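> below are the sequence and a predicted model; questions follow.
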Amino acid sequence: MPKFDQIYNLACPASPVHYQYDRVKTALTCSHGTLNLLQKAAADRARFFQASTSEIYGDPEVHPQTENYRGNVNTVGPRSCYDEGKRFAETLVTDFGAQHGLTTRIVRIFNTYGPRMHPDDGRVVSNFIVQALLGEDITIYGSGEQTRSFCFVDDLVEGFVRLMNADSGIDGPVNIGNPNETTVNQLAEQILEMVGSKSKIVHHPLPVDDPRRRKPDISNALARLNWSPQVSLHDGLAETIAYFIEEMSTSGRRSSALAS
């Protein structure tokens, strides 16, 4: 087996549609899967990177969310396999690293989007773009006034690399995300305008434990990594829409929005 200098653990579905499909497998991926990679890191004396999530904050009662906020998570809800799985993984990485003398890094990722998302990913950006391109109803859950902070994938990866390669002195998790807060309604309207779609917006009940607000405090990333997002939501969406147009054309899915 090859020996590694660095190990990035990004293993786990991140969309509610996919991580709720097999909740036990999701929880075990966060626990046993993370332990397996930590053991490999210990054997190789490799630096270890854990992809955590803003979901560990649950439906937050503190806004924006700082790394020292302990969260408001339902331990037995439909999202718990992921939320609590990632919380446990943070504990496991921290304690394993301390016991074995490993350098570990934990990133808390906030809503990321960009090219190469799967059309059936199930998250809001991909859902809205695909629905708009197909001329289908734009499905918004709840009032649409809940907020998210959308970070383009290129910015996220830059944050990953800076965090992984940072010198000593990085203690605990670091938020990586876009501090510009956007309502789901605003996102839908922007995508409809950019696509030129005539899709209608329809509302459905809000899922259980769906967060009402989501916005990272990125003070640590800015101070310790000199990192902040550089890609605007408009520019990032333009790249993402262009990718989906090409992907859907290749797969044979007809874009009624573009044909009209």
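Great, that's in hand. Numbers count the residues shown, from 1 in each chain.

> so where is the stretch 151-260 of the chain shaky, pLDDT-wise?
For the stretch 151-260 of the chain, the stretches flagged by pLDDT under 70 are 252-260.

> that one: helices as residue ranges?
Remark: helices assigned in the stretch 151-260 of the chain by DSSP state H, counting those that start in this stretch are 153-164, 184-195, 219-225, 233-251, 256-259.

> for the second one, C-alpha coordinates in PDB please.
What follows is the C-alpha trace of helix 184-195 in PDB, where atoms were taken according to Å, rounded to 0.1, in the frame of the first residue of the first chain:
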ATOM      1  CA  VAL A 184     -33.600  30.800  -1.100                       C
ATOM      2  CA  ASN A 185     -36.200  33.100  -2.800                       C
ATOM      3  CA  GLN A 186     -33.400  35.400  -4.000                       C
ATOM      4  CA  LEU A 187     -31.400  32.500  -5.300                       C
ATOM      5  CA  ALA A 188     -34.400  31.200  -7.300                       C
ATOM      6  CA  GLU A 189     -35.100  34.600  -8.800                       C
ATOM      7  CA  GLN A 190     -31.500  35.000  -9.800                       C
ATOM      8  CA  ILE A 191     -31.300  31.600 -11.500                       C
ATOM      9  CA  LEU A 192     -34.500  32.200 -13.300                       C
ATOM     10  CA  GLU A 193     -33.300  35.500 -14.600                       C
ATOM     11  CA  MET A 194     -29.900  34.200 -15.700                       C
ATOM     12  CA  VAL A 195     -31.300  31.100 -17.400                       C
END
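
> that one vs helix 233-251, what angle?
Put simply, helix 184-195 runs at 60 degrees to helix 233-251, going by axes from the mean of the first three to the mean of the last three Cα atoms, to 10 degrees.

> quick check: buried residues in helix 184-195?
Neighbour counts using 16 or more other Cβ atoms under 10 Å place 184-185, 187-188, 191-192, 195 of helix 184-195 among the buried residues. For glycine as for every other residue, the C-beta is placed from the backbone atoms N, C-alpha and C.

> circling back to that earlier point, select, out of the helices of the stretch 151-260 of the chain, the one closest to I109.
helix 153-164 (6.6 Å; Cβ to Cβ).

> and the angle for the closest one with helix 233-251?
Going by the same axes, to 10 degrees, helix 153-164 makes 110 degrees with helix 233-251.

> other residues contacting helix 153-164?
Applying Cβ atoms under 8 Å, 6 or more residues apart in numbering, the external contacts of helix 153-164 come out as 6, 8, 47, 49, 105, 107, 109, 112-116, 170, 174, 176-178, 221, 225-227, 229-231.

> please pick the buried ones from those.
8, 47, 49, 105, 107, 109, 112-115, 170, 174, 176-178, 221, 225, 227, 229, 231.

> just confirm D137 contacts S197, I think it does.
No - the criterion here is Cβ atoms under 8 Å, and D137 misses it with S197 at 10.6 Å.

> which one's more surrounded, these two?
S197 (23 against 14; other Cβ atoms under 10 Å).

> so who does that one touch?
132-133, 135, 191, 257.

> save these as TSV, and put in distance to F244 too.
Output for the contacts of S197, formatted as TSV (distance: Cβ to Cβ, whole Å):
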residue	distance to F244
A132	9
L133	6
G135	14
I191	10
A257	11
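
> how many neighbours does F110 have?
Using other Cβ under 10 Å as the criterion, the residues surrounding F110 number 26.

> for C12, find the nearest of the helices of the stretch 151-260 of the chain.
C12 lies closest to helix 153-164 among the helices of the stretch 151-260 of the chain, at 15.3 Å (Cβ to Cβ).

> quick one: contacts for S199?
Neighbours of S199 in contact, by Cβ under 8 Å, 6+ apart: 131-132, 134-138, 192, 257.

> tell me which residues touch the spatially closest residue to R224 that is not a sequence neighbour, please.
Residue nearest to R224 in three dimensions, not counting chain neighbours: I170, with 6.2 Å by Cβ to Cβ, 6 or more residues apart in numbering. Residues in contact with I170 (Cβ under 8 Å, 6+ apart) are 105, 163, 224.

> distance of L233 relative to P60?
Note on L233: its distance to P60, by Cβ to Cβ, to the nearest Å, is 21 Å.
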